[in-house]
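Peer 1: Here is a sequence together with a model predicted from it:
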Amino acid sequence: MQLTNDIRYIGVNDHEIDMFEGQYDVPNGMAYNSYVILDEKIAVLDTVDARFGKEWLDNLKKALNGKSPDYLIVQHMEPDHSSNITTFKNEYPNAKVVASDKAFAMMKQFFDVDYIDNRLVVKEGDTLSLGKHNLTFFSAPMVHWPEVIVTYDSYDKVLFSADAFGKFGALDIEDEEGWACEARRYYFGIVGKYGMQASNLLKKISNLEINTICPLHGPVLSENLSYYIDLYKIWTSYGVESEGIVIAYTSVYGNTKKAVMLLKEELEKAGCPKVAVTDLARDDMHEAVEDAFRYGTLVLATTTYNNDIFPFMREFLYELLERGYKNRKIAIIENGTWAPNARKRILAILEEAKGLEILENGVTIRSAMTEENKKEIELLAKELCK
């Protein structure tokens, strides 16, 4: 794929994978992106997953058309991007490896090689001239590993953004939902804990003239870049992206679910623009996490279980906390037959989250809904839709 006169895409699509990082469902596969800049000096940016070394090397050779690369720029050492460094060096032993100091330390850990005699260590603000193309490197620690750098080409005005602006899904499958859905799930799943660091990266690149963003996962972005950047600003600042309410619930014998369905009905009657309901025991947990960050209000409905909360709800709350969940409105519906304790446990878990508004008017169900509970749910819906 030719991106500009001098820049080629040489990445691969993975349709064999079922779970990315062993936990994220990727029904549309995954893309591992790699690029090459052809100039007086030739630079390759990142490699791909170990299983696709031959395909990637064939793509590279086709793009090189008989030439030899001068540099391999390693922006991120996670194995889906770095596994073919040794493959590259075996094929092109004279090429220099360009990376951060921390990346070279990781190469030693992964491959027992750090290319001490044939490497170029770069840090914030360092530059590398290929001829027409002058590259500037920006440190991006914890987006989402500590060694990460991103690269800006001032000639074609291209930002090689490492895992920033990444997205789930292979590139040879059309995504009917559009970029944001799987990019949002990718961001909050992979990068979300490090919103401050990702926000710092956005500040560093804010004065650059960027025509194209080339991430390590997902499509190359070259149109309407303000759309993608503005979304990233919301995500990295833990802002509310869309108006709406998420109801996340667990239900053992169906009574809590009945309360949730009634609340959904009342919310829609009250004119709430969007109500997303997720069964934490059956639906994709990471989709639920994505929705919790997308919308401004979250309703937690669960049972007391072993004097605690139901395990899937507990897992969900810790998934949110791990990613820095904050600045949201929370309502709680609890259920318990002899000693309802879920609200107390939820509040204890959420104590470390910042900027949460916990509504005092929750609902406590004892086994099954009463007429009084139904009235409480109706009032809660009106309060949530104010």
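Peer 2: Everything's here; your move. Residues are numbered from 1 along each chain as shown.
Peer 1: So residue 47 is in contact with residue 80, correct?
Peer 2: No - with contact taken as C-beta atoms under 8 Å, residue 47 and residue 80 are classed as non-touching, separated by 9.3 Å. The way it works is simple: take the backbone N, C-alpha and C, and place the C-beta from them, glycine included.
Peer 1: Compare neighbour counts for the two and give me the winner.
Peer 2: residue 47 (27 against 22; other C-beta atoms under 10 Å).
Peer 1: From residue 89, how far off is the more buried one?
Peer 2: 10 Å (C-beta to C-beta, to the nearest Å).
Peer 1: Assign residue 343 to helix, strand or coil.
Peer 2: State at residue 343, reduced to three classes by DSSP: H, G, I helix; E, B strand; the rest coil: helix.
Peer 1: that older thread, spit out the residues that contact residue 47 and residue 89 alike.
Peer 2: Counting by C-beta atoms under 8 Å, 6 or more residues apart in numbering, the residues touching both residue 47 and residue 89 are residue 72.
Peer 1: Only alpha carbons, please: show stretch 128-140 as PDB.
Peer 2: The C-alpha atoms that make up stretch 128-140 are tabulated as PDB, following Å, rounded to 0.1, in the frame of the first residue of the first chain:
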ATOM      1  CA  LEU A 128      17.200  11.700  12.100                       C
ATOM      2  CA  SER A 129      17.600  12.800   8.500                       C
ATOM      3  CA  LEU A 130      16.900  10.400   5.700                       C
ATOM      4  CA  GLY A 131      17.400  13.000   3.000                       C
ATOM      5  CA  LYS A 132      14.200  14.900   2.200                       C
ATOM      6  CA  HIS A 133      12.500  13.200   5.200                       C
ATOM      7  CA  ASN A 134      13.500  14.500   8.600                       C
ATOM      8  CA  LEU A 135      12.300  12.500  11.500                       C
ATOM      9  CA  THR A 136      11.700  13.900  15.000                       C
ATOM     10  CA  PHE A 137      11.200  11.500  17.900                       C
ATOM     11  CA  PHE A 138       8.900  12.100  20.900                       C
ATOM     12  CA  SER A 139       9.000  10.100  24.100                       C
ATOM     13  CA  ALA A 140       5.600   8.600  24.900                       C
END
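Peer 1: outside of it, which residues touch it?
Peer 2: Where contact means C-beta under 8 Å, 6+ apart, the residues beyond stretch 128-140 that reach it are 6, 37, 39-43, 70-71, 73, 98, 100, 120, 122-127, 148-156, 162, 164, 197, 201, 204-205.
Peer 1: Low-confidence stretches in this structure?
Peer 2: For the chain, applying pLDDT under 70 flags no range at all.
Peer 1: any idea which strand is longest in it?
Peer 2: Counting by DSSP state E, the longest strand found in the chain is strand 295-305.
Peer 1: Follow the chain on from it and name the next helix or strand.
Peer 2: strand 308-309 (DSSP states H and E).
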